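Student: compute the structure for the input listed below.
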Amino acid sequence: MQKKESTSNFPRVLVLIPAFNSGPSLTRAIQSLQEDGCAHDILVVDDGSAEPQAPYVPTSSPTQVIRLHENCGIAAALNAGLRYAAHQGYEFVARLDADDVSLPGRLQSQVERLDANDDVVVVGTWTQFVDERGRQRYVQRGKDDDKWLKRAMHFLSPFSHPSLMFRTRVAMEVGGYPNRYTNLAEDYDFLWRLAARGKFSMLERPLVRCTVTQSGLSISRRRAQLRARRNLQWEHIDATLPAWLGLITTVALQLVPVPLLTAAKGLTTSLRSHRGVASSASTSPSGGAVDSVE
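Tutor: Numbering: from 1, shown residues only. As a prediction, this is how the structure comes out:
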């Protein structure tokens, strides 16, 4: 693939979308980006889907597709996208999953935040979570405060991963997405690496819509995900109270039977939807909800 020439008209943003048997939802994700005023290109990394995902890409969108020969896992797919972004000279990478939607103005707002703050390496947004019928379940919120966001990292990621935009150069310098916890906690692991390189920032309004499904990764493989989270929390433990509380919380969750956790999650989500209470939940790469601490 020929490298693009760097010009004033060349988009600075590459939207990176991994896809695995995504089908029509990929079309909706790409179409949602058409309402953003920020110039951007899109890269879909087809992670060895049973059928090629390229036919689901709207012909009117500025999208390239890379197809992996086999299903390598999301970390490998994302790293293939990062290498493409670095080679092509994109300054920023924005993440989006194939079953999620980017809301108008998201990319432009994130670029403005990064341009105004050279020390910020990652910008996330609040995220609206909906069920498979499009009904709002809750809104994930967070503070636009680096110290608050870094403290929250000791519990789990304070961002929904599909809401992120980060600097390509820094992502490559930290080695991209680690593959030791692929399909479990590669996003959380990646954010810990970025946390050591600069500040975090949060746009305090919902600019991404994620779908919560009952078949999400965090439900079907919950124990493995909790184990990966615990390992990362121990790796980054320090003398602060949030660090130890986060680790203790995860260990406690590991001792609770999965059916009970699932039932509690459903009850909590129902209460949030009726009361309009903000959640500080995060998502797995596939869009499933993950417990966190309020």
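Student: secondary structure element holding L14?
Tutor: Secondary structure from DSSP states H and E places L14 in strand 13-19.
Student: tell me where the stretch 1-150 of the chain has strands.
Tutor: In the stretch 1-150 of the chain, the strands defined using DSSP state E, counting those that start in this stretch lie at 13-19, 40-46, 63-67, 92-95, 101-102, 120-130, 136-140.
Student: the ones you listed: which one's closest to F166?
Tutor: Closest approach to F166 among the strands of the stretch 1-150 of the chain (CB to CB): strand 120-130, 4.7 Å. (C-beta placed from N, C-alpha, C; glycine too.)
Student: the helices in the stretch 51-200 of the chain, which residues?
Tutor: Ranges of helices within the stretch 51-200 of the chain are 74-88, 106-116, 146-152, 168-173, 186-195, based on DSSP state H, counting those that start in this stretch.
Student: dump the strands of the stretch 1-150 of the chain to TSV, plus distance to T211.
Tutor: Below are those laid out as TSV (distance: least, CB to CB, whole Å):
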stretch	distance to T211
strand 13-19	14
strand 40-46	18
strand 63-67	21
strand 92-95	15
strand 101-102	8
strand 120-130	6
strand 136-140	9
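Student: on that earlier part again, same for the strand holding L14, what does it pack against?
Tutor: helix 24-32, strand 40-46, helix 74-88, strand 92-95, helix 106-116 (3 or more CB pairs under 8 Å, 6 or more residues apart in numbering; DSSP states H and E).
Student: please redo it, this time with the cut-off set to 10 Å
Tutor: Contacts defined by 3 or more CB pairs under 10 Å, 6 or more residues apart in numbering; DSSP states H and E place strand 13-19 against helix 24-32, strand 40-46, strand 63-67, helix 74-88, strand 92-95, helix 106-116, helix 168-173.
Student: the nearest residue to T125 once chain neighbours are set aside: neighbour count?
Tutor: Ranked by CB to CB, 6 or more residues apart in numbering and with sequence neighbours excluded, the top spatial neighbour of T125 is L207, at 3.9 Å. As a burial measure, L207 scores 23 neighbours (other CB atoms under 10 Å).
Student: list the strands paired with the one helix or strand L207 maps to, with their directions.
Tutor: In this assignment (DSSP H and E), L207 forms part of strand 199-211. Sheet neighbours of strand 199-211, with direction, are listed as strand 101-102 (antiparallel), strand 120-130 (parallel) (DSSP bridges).
Student: now do stretch 138-153, average pLDDT.
Tutor: The average pLDDT for stretch 138-153 rounds to 97.
Student: how about stretch 185-200?
Tutor: Per-residue pLDDT over stretch 185-200 has a mean of 97.
Student: could you pull out the buried residues of that stretch?
Tutor: By neighbour count on 16 or more other CB atoms under 10 Å, the buried set for stretch 185-200 is 185-195, 197-200.
Student: please apply the same query to stretch 82-90.
Tutor: L82, Y84, A85, A86, Q88, Y90.
Student: pull the distance from it to the chain's centre.
Tutor: Centre-to-centre, stretch 82-90 and its host chain are 19 Å apart (CA atoms, centre = their mean, to the nearest Å).
Student: output the below-cut-off pLDDT ranges for the stretch 101-250 of the chain.
Tutor: For the stretch 101-250 of the chain, applying pLDDT under 70 flags the ranges 214-220.
Student: returning to what we had before: name the nearest of the buried residues of stretch 185-200 relative to P178.
Tutor: Closest approach to P178 among those (CB to CB): D189, at 4.5 Å.
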